[in-house]
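J.: Quick check, what structure comes out for this input:
(one chain, ligands or ions: 2)
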Amino acid sequence: MLKDFISIEDLNSEQVSGLIDRAIADKALFRAGQLPTSLSGRTLAMIFEKPSLRTRVSFEVAMTHLGGHAIYLAPADIGLGSREPVIDVARVLGRMCDGIMARTFAHDTVRQLAQHAQVPVINALSDMLHPCQAMADLMTVKEHFGTLDGQTLLFVGDGNNVACSLAMACAKVGMKFIIACPDNYHMPADFLTTVRAIGGDDCCTVTSDATEAASRSSVLYTDTWVSMGQEDEKHQRIKDFENFKIDADLMSAAPDNAIVMHCLPAYRGLEITDDVFEKHAETIMSEAENRLHFQRTLLHTLIADGGIG
Ligand code: CP
Ligand code: NVA
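T.: Ligands and ions are numbered 1, 2, ... in the order given. Alright, predicted model coming up:
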């Protein structure tokens with residue numbers, strides 16, 4: 001049993017596919033009013049070192065749906081690593097709560113929490129990974145196309161936390177992943193090696209030609225060029241990423257039935273134009289909603305079932 005959800009790399013292919021399918025099934029049960037409140041009396045601690053809309057609201061609402069409760073812990077309140085060490089925060093929360101969700105800068109912080117807390121720990125975004133986002137995204141792709149088989153996801157932009165988790169998720173389920181990005185903004189080389197070792201050499205392609213890649217993709221995905229914590233690089237990044245956006249020109253190279261996805265928040269006029277965003281807003285908002293559905297299933301699996309089996 002896997003106690004924590006830190007990286008999709010930690011799950012085998014069956015566990016990744018199984019969680020996606022279970023989230024789709026649970027969503028239908030929820031909508032029919034038939035999802036049991038399996039976390040009655042249970043509490044989730046939510047640690048945030050960075051801002052959030054979707055992640056905070058979706059975890060909190062998911063706990064409400066399951067009959068439990070969530071506590072928001074702001075950086076200034078707990079001083080993770082400054083007021084007291086991560087190891088003590090992990091041990092104290094583990095004694096009082098039934099699960100911990102953490103959004104951190106350093107990836108090692110969420111790993112340390114998992115190592116020292118006796119309860120499940122969920123990575124809700126670190127500088128390196130955003131696994132909940134990638135799982136909800138593949139859930140959205142599966143709902144839209146009915147299958148993940150044969151799908152190719154083109155990520156246009158920075159080789160960041162969202163790109164890395166999507167690449168890993170695609171490798172686990174047998175989807176093709178392409179990233180179109182400028183030089184100097186690739187995913188870390190060792191991470192790429194790991195992804196290819198899991199999914200095969202051709203599962204993950206790096207290119208600078210977004211237009212060519214769009215012609216063979218069913219999903220066009222983008223994220224901000226300036227992630228949380230990179231605000232000082234904003235000016236340079238906006239220059240460097242100028243040719244790596246989703247706009248009407250790029251969409252004209254894609255198949256007619258291709259969908260557009262964005263993890264949000266979106267910066268219209270930068271990584272995506274307003275016209276493309278609004279044309280695909282229904283898919284993008286379903287993607288956002290699926291954060292709630294995937295995480296509700298994840299919370300049930302980790303806390304009520306005792307782990308990912
Ligand atoms: N996509 C996402 O994680 O959004 P938030 O930063 O608002 O949580
Ligand atoms: N790459 C972005 C994702 C936001 C959900 C960031 O880390 O800020």
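J.: So which bits of the one helix or strand residue 193 maps to are buried?
T.: Element membership for residue 193 (DSSP states H and E) is helix 189-199. Across helix 189-199, burial judged by 16 or more other CB atoms under 10 Å covers 191-192, 194-195, 198-199. For glycine as for every other residue, the C-beta is placed from the backbone atoms N, C-alpha and C.
J.: on contacts alone, who are the packing partners of that helix?
T.: Helix 189-199 is packed against helix 161-173, strand 204-207, with contacts defined by 3 or more CB pairs under 8 Å, 6 or more residues apart in numbering; DSSP states H and E.
J.: same thing but 10 Å
T.: Contacts defined by 3 or more CB pairs under 10 Å, 6 or more residues apart in numbering; DSSP states H and E place helix 189-199 against helix 161-173, strand 176-180, strand 204-207.
J.: Need those in a markdown table (columns: mean pLDDT and distance to ligand 1).
T.: Listed next are those as a markdown table, based on pLDDT from 0 to 100; distance: least, CB to the nearest ligand atom, whole Å:
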| stretch | mean pLDDT | distance to ligand 1 |
| --- | --- | --- |
| helix 161-173 | 98 | 8 |
| strand 176-180 | 98 | 18 |
| strand 204-207 | 98 | 22 |
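J.: Export those as JSON lines, with columns for distance to residue 238 and mean neighbour count.
T.: Output for the helices and strands packed on helix 189-199, formatted as JSON lines (distance: least, CB to CB, whole Å; neighbours: other CB atoms under 10 Å):
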{"stretch": "helix 161-173", "distance to residue 238": "18", "mean neighbour count": "26"}
{"stretch": "strand 176-180", "distance to residue 238": "17", "mean neighbour count": "25"}
{"stretch": "strand 204-207", "distance to residue 238": "21", "mean neighbour count": "16"}
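J.: Reformat the ones you listed as TSV; add distance to residue 83.
T.: Formatted as TSV, the helices and strands packed on helix 189-199 follow (distance: least, CB to CB, whole Å):
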stretch	distance to residue 83
helix 161-173	26
strand 176-180	39
strand 204-207	41
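J.: then stretch 260-275 to CSV, C-alphas only?
T.: C-alpha atoms of stretch 260-275 as CSV (Å, rounded to 0.1, in the frame of the first residue of the first chain):
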residue,chain,number,x,y,z
VAL,A,260,-7.2,22.9,-25.4
MET,A,261,-6.3,22.6,-21.7
HIS,A,262,-4.8,24.9,-19.1
CYS,A,263,-4.2,24.2,-15.4
LEU,A,264,-5.0,27.8,-14.5
PRO,A,265,-4.5,30.6,-13.5
ALA,A,266,-4.2,31.7,-17.2
TYR,A,267,-2.5,34.9,-18.3
ARG,A,268,-4.4,35.8,-21.5
GLY,A,269,-2.3,37.4,-24.2
LEU,A,270,0.8,35.6,-22.9
GLU,A,271,0.8,31.7,-23.0
ILE,A,272,-2.8,31.7,-24.5
THR,A,273,-4.8,34.2,-26.4
ASP,A,274,-8.2,35.3,-25.2
ASP,A,275,-10.0,34.0,-28.2
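J.: Is there proximity between that stretch and ligand 2?
T.: Yes - using CB under 6 Å from any ligand atom, stretch 260-275 reaches ligand 2 at residue 263.
J.: What residues of that stretch count as buried?
T.: Applying 16+ other CB under 10 Å to stretch 260-275 flags 260-264, 266, 270-273 as buried.
J.: Keep only these that also lie close to ligand 1.
T.: Among the buried residues of stretch 260-275, proximity to ligand 1 is found for 263-264 (CB under 6 Å from any ligand atom).
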